[in-house]
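*Asks:* sharing a model that was predicted from the sequence below.
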Amino acid sequence: MLNDIIAIVREVAQQEVMPRYMRVARQVKADGSSFTEADIAAQKVLLQALQTIRPGAVMGEEMSQEAQEVQWLKGINGEAEGLWSVDPIDGTSNFLNGLPYFAISVAWMVQGKSELGVVYNPVTDEMYYAEKGCGAFLNNKPLPIKRNASILSSAIANVDLKRLHKKLATEVAANPPYASQRNYGACALEWCYTAAGFFDLYLHGGQKPWDYAAGSLILEEAGGHMSGFEYDDYWAGSPWRRSVIAALDAALFEQWRDWVREHK
């Protein structure tokens, strides 16, 4: 199933996404977020193709909130065997502006937890993928690729300031405990870069299922560690606004989690 999904994702990238790169207009949803005809076209093909691989509920970022909630519940309550969670273009603003940091993200979830995940950046040809219990990979190379910091003061962090509460955002901006900070604007790739060892730390104030479904599994299968702001169990709490504290190294993760909770 994993090889079939990788093939479909690559095909959709080639046929629906890249031909529209920097060639489509920005459209705006009711919540103010961006989408394009490329998002809609890619999602349509993906959801149809994935169900031919394995029937189940299907949830895409570009569906209405009501439809998303219906599909999520089908995957949770056993009405469907599982749930396909799809972000056709994670990082739409980057896609629109010609920044080569966006991805297609696909996950198979059972009872709300991910069992298979694929994240693909078609510009760089980076294919990240994982299956529960089988490890995580980038283009057939096992993750992590590298290990760096083991203490906060020398770490590089990916932090999404926009979605943090004001107190924590102020503390992170004014008195960061780490060496340097980045934010590139594509959640699925942020998870994967943490899994690869390119980032030492990850912090996000609230993600929806298509933001974390594939990437969280890839980090977990790479040996990484994660929690929410309130719960040590990452999967506890609402699936519709799931906070993230994460790191690849176990000792570094504990330092990072404790610092975030102390300052939030």
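*Replies:* Great, that's in hand. Residues are numbered from 1 along each chain as shown.

*Asks:* which residues in the stretch 51-200 of the chain form strands?
*Replies:* 57-60, 83-90, 103-110, 113-121, 126-131, 136-138, 141-142, 156-159, 180-182 (DSSP state E, counting those that start in this stretch).

*Asks:* stretch 160-177: how far from the chain's middle?
*Replies:* Distance of stretch 160-177 from its chain centroid, counting by C-alpha atoms, centre = their mean, to the nearest Å, is 21 Å.

*Asks:* so for that stretch, what gets flagged as buried?
*Replies:* Residues of stretch 160-177 classed as buried: Asp160, Leu164, Leu168, Ala169, Glu171, Val172, Pro176, Pro177 (neighbour count, 16 or more other C-beta atoms under 10 Å). Backbone N, C-alpha and C define where each C-beta goes, glycine included.

*Asks:* out of the residues you listed, flag the one nearest to Lys113.
*Replies:* Closest approach between the buried residues of stretch 160-177 and Lys113, by C-beta to C-beta: Asp160, at 22.7 Å.

*Asks:* count the neighbours of Val123 for me.
*Replies:* The number of residues packed near Val123 is 17, by other C-beta atoms under 10 Å.

*Asks:* what of Glu230?
*Replies:* 11.

*Asks:* strand 103-110 and the longest helix along the chain, what's the angle between them?
*Replies:* Identified as the longest helix of the chain according to DSSP state H is helix 37-53. If you take axes from the mean of the first three to the mean of the last three C-alpha atoms, to 10 degrees, helix 37-53 sits at 30 degrees to strand 103-110.

*Asks:* relative to the whole chain's centre, how far out is helix 37-53?
*Replies:* With C-alpha atoms, centre = their mean, you get 18 Å for helix 37-53.

*Asks:* what residues sit buried inside that helix?
*Replies:* Residues of helix 37-53 classed as buried by neighbour count (16+ other C-beta under 10 Å): Ala38, Asp39, Ile40, Ala41, Ala42, Gln43, Val45, Leu46, Leu47, Ala49, Leu50.

*Asks:* which strands or helices does that helix pack on?
*Replies:* In terms of contacts (3 or more C-beta pairs under 8 Å, 6 or more residues apart in numbering; DSSP states H and E), helix 37-53 is packed against helix 2-12, strand 57-60, strand 83-90, strand 103-110.

*Asks:* need these in a markdown table (columns: mean neighbour count).
*Replies:* Putting the helices and strands packed on helix 37-53 into a markdown table (neighbours: other C-beta atoms under 10 Å) gives the following:
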| stretch | mean neighbour count |
| --- | --- |
| helix 2-12 | 17 |
| strand 57-60 | 23 |
| strand 83-90 | 29 |
| strand 103-110 | 28 |
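
*Asks:* Phe137: which of these is closest?
*Replies:* helix 2-12 (9.8 Å).

*Asks:* output the contacting helices and strands for that closest one.
*Replies:* Secondary-structure packing of helix 2-12 (3+ C-beta pairs under 8 Å, 6+ apart): helix 37-53, strand 103-110, strand 113-121, strand 126-131.

*Asks:* now the angle from that helix to strand 83-90?
*Replies:* 30 degrees.

*Asks:* helix 2-12 to strand 126-131, inter-axis angle?
*Replies:* 150 degrees.

*Asks:* helices or strands up against the helix or strand following helix 2-12?
*Replies:* Proceeding N to C from helix 2-12, the next assigned helix or strand is strand 27-28, under DSSP states H and E. Here strand 27-28 touches strand 34-35, going by 3+ C-beta pairs under 8 Å, 6+ apart.

*Asks:* circling back: export the helices and strands packed on helix 37-53 as TSV, with columns for distance to Thr194 and mean pLDDT.
*Replies:* Listed next are the helices and strands packed on helix 37-53 as TSV, based on distance: least, C-beta to C-beta, whole Å; pLDDT from 0 to 100:
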stretch	distance to Thr194	mean pLDDT
helix 2-12	20	97
strand 57-60	24	96
strand 83-90	15	98
strand 103-110	14	98
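
*Asks:* and of these, who's closest to Ala130?
*Replies:* Of all the helices and strands packed on helix 37-53, helix 2-12 comes closest under C-beta to C-beta, at 8.7 Å.
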